[in-house]
Structures are given as structure tokens and as C-alpha cells.
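> next come a sequence and a model predicted from it.
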Amino acid sequence: MENYLEINKNSWNAKVEPHLKSDFYFVDEFLKGRNSLNSIEMELLGDIKDKTILHLQCHFGQDSISLSRMGAKVTGIDLSDKAIEAGRDLAQQCGTDTTFICSDVYNLPNILDQKFDIVFTSYGTIGWLPDLEKWAEVIHHFLKPGGRFIMAEFHPVVWMFDDDFTKVAYNYFNEKPIVETYEGTYADQSAPIVQKYVMWNHSLAEVLDNLIKKDLELEAFQEFDWSPYPCFRHVEEFEKGKWRIPQFGNKMPLVYALIANKKEDL
């Protein structure tokens, strides 16, 4: 899939406008000060005041701006130029100094010359990347010695099922690109857009093994039987801000999270 970047950039550009208008992204409340980060990643992040943070695949930057509001110096990057434009506009309206750069993950070392205390990524990101060895290499490249990589992501078990969670439809392992056309968007199923996209499934072993191979030491790893987002079909909210797939209840992981540290220089 040599043209996957072009296909996915077009797909994400088409999502920006309906996402900005959706209840899912609560932009009006966000502009008034609502934090977009969830308890899962907040606990992993801890006190980030005066920390430098690189936020990979930031969409239009609500989490990036939320991190800035917490006192960090944040750089958000995303493939979508329309999302980056929207992020800059949101940051201006919020009065934060969040920096936004339009770039795909793999090319970022060619255009950004900086090291960070924290590299952060969350929810629905790595599925857009074909090669996690290159991804881990980028993370290692941008972390200062002793820096932390913090990640929250949907569990790969979720991506095995069809959209209605009635059958196992996809391989747990990274077998091949998944090329499909989707109507609407996870933030608004009724949005009048039809977009082709290219994705890859990544097992937990693939994620962890590639981080370890790039000299990142695992400090924490967690799995959760709920999602902080109602972005799947037929979910139900069993506690405020926590959703599950009814037929699976608490029997299936929906999210995992981790911290990995870059080894100090000898």
C-alpha cells in the first residue's frame, strides 16, 4: 500500500469538520476549559508541569491543548493538514502556546530537531501505521535519555471483531493491510462522508517487542475492561464516562496502557 498516506490523509481531512461539530468532541465545553484527557492517561502522566511533550497523531489537538493547560510545553503532530489547521485555531482560542506540525510519524525526524521529556500517543493511533519497528525508532529518537513514552490504546482484541461484534472477522496479528470504505465516522455515524482507509492490526507482542528492541524499558502495563469513549457500535455506559460492549460485559479488554522509559546514557 504505497499510497496509504494519501488515502488516510484524505480520510482524516474529511473527518475534521464533522468531528468539530460532534458531541463526541464537545468543542464548546472544551473552549470553556473542559479537559479532554481521561483518567487512564492522567494517572500515567502524573505531574507534567514544565515538561516537554511530543504528542504523536494528535488529530486537531484537544489532548495536546489539555496537556498545555496542565503546564507542559507541547508539540502535536498529525498527518491531516486540516486537523493541524483546526488545532492551531483551537489553541489560539484557548490561549495556549501549543505547537502543531503537519507530518506523518515516520517522516517527523526529518523536519523536527528536538528531544522531549515525554512522547505521548492515545486511542486509535497505531492502527494507521504499517511498521511498528519504525514507529518505536521514532519514539526512541525523540526521547531524552531517561524520558518516558506514555501510551493508551484500544486493545487489539477489539479489532478482531466485525463492527457489530457478532463474529471474529479480522486476524489478531498483523497479517496484511486492511483496506475498506466507511460511511460516517466513529464520532458521528450519520455524518455524510464516505471514505476509503487503510489500517493494520497490531498484537500486544508486536507493540511491546518493538519498544523493547529500541531500548525502551517497560515500567507499567495495564489492561481495562472498559472504554472511555463510545466510539464502537452498540456500547452501553455502565458508569459515567465508561462504556462496554453489552454482550461481552467485563469479560473482554477494550483498552491497554503503558509507560516505557528510554535508558539513560552510560
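Good, I have the coordinates.

> do you know the pLDDT at residue 78?
Predicted confidence (pLDDT) for residue 78: 98.

> can you give me the distance of the spatially closest residue to it that is not a sequence neighbour to residue 75?
Counting by C-beta to C-beta, 6 or more residues apart in numbering, residue 78 lies nearest to residue 58, which is 5.1 Å off, once chain neighbours are set aside. Heads up, the C-betas are built off the backbone N, CA and C, glycines and all. According to C-beta to C-beta, to the nearest Å, residue 58 stands 9 Å off from residue 75.

> can you pull the residues that touch both of those two?
64, 100 (C-beta atoms under 8 Å, 6 or more residues apart in numbering).

> ok so, going back, what's the local residue count around the residue nearest to residue 78?
28 (other C-beta atoms under 10 Å).

> which residue, other than its chain neighbours, is closest to the residue nearest in space to the middle of the chain?
By C-alpha atoms, centre = their mean, the chain has its centre lying nearest to residue 122, at 3.1 Å. Counting by C-beta to C-beta, 6+ apart, residue 122 lies nearest to residue 152, which is 4.4 Å off, once chain neighbours are set aside.

> same thing with residue 129?
Nearest in space to residue 129, with sequence neighbours left out and distances taken as C-beta to C-beta, 6+ apart, is residue 135 at 5.3 Å.

> hang on, the one you found in a strand?
No - when DSSP: H, G, I helix; E, B strand; the rest coil is applied, residue 135 is found to be helix, with no strand at that position.

> who are the contact partners of it?
105-106, 126, 129, 210.

> that one and residue 21, how far apart?
Residue 135 is 31 Å from residue 21, by C-beta to C-beta.

> what about the residue nearest to residue 78, distance to residue 190?
Residue 58 is 25 Å from residue 190, where distance means C-beta to C-beta.

> and residue 207, how many residues sit next to it?
The local packing of residue 207 (other C-beta under 10 Å) involves 21 other residues.

> please apply the same query to residue 167.
Count around residue 167 with other C-beta under 10 Å applied: 8.
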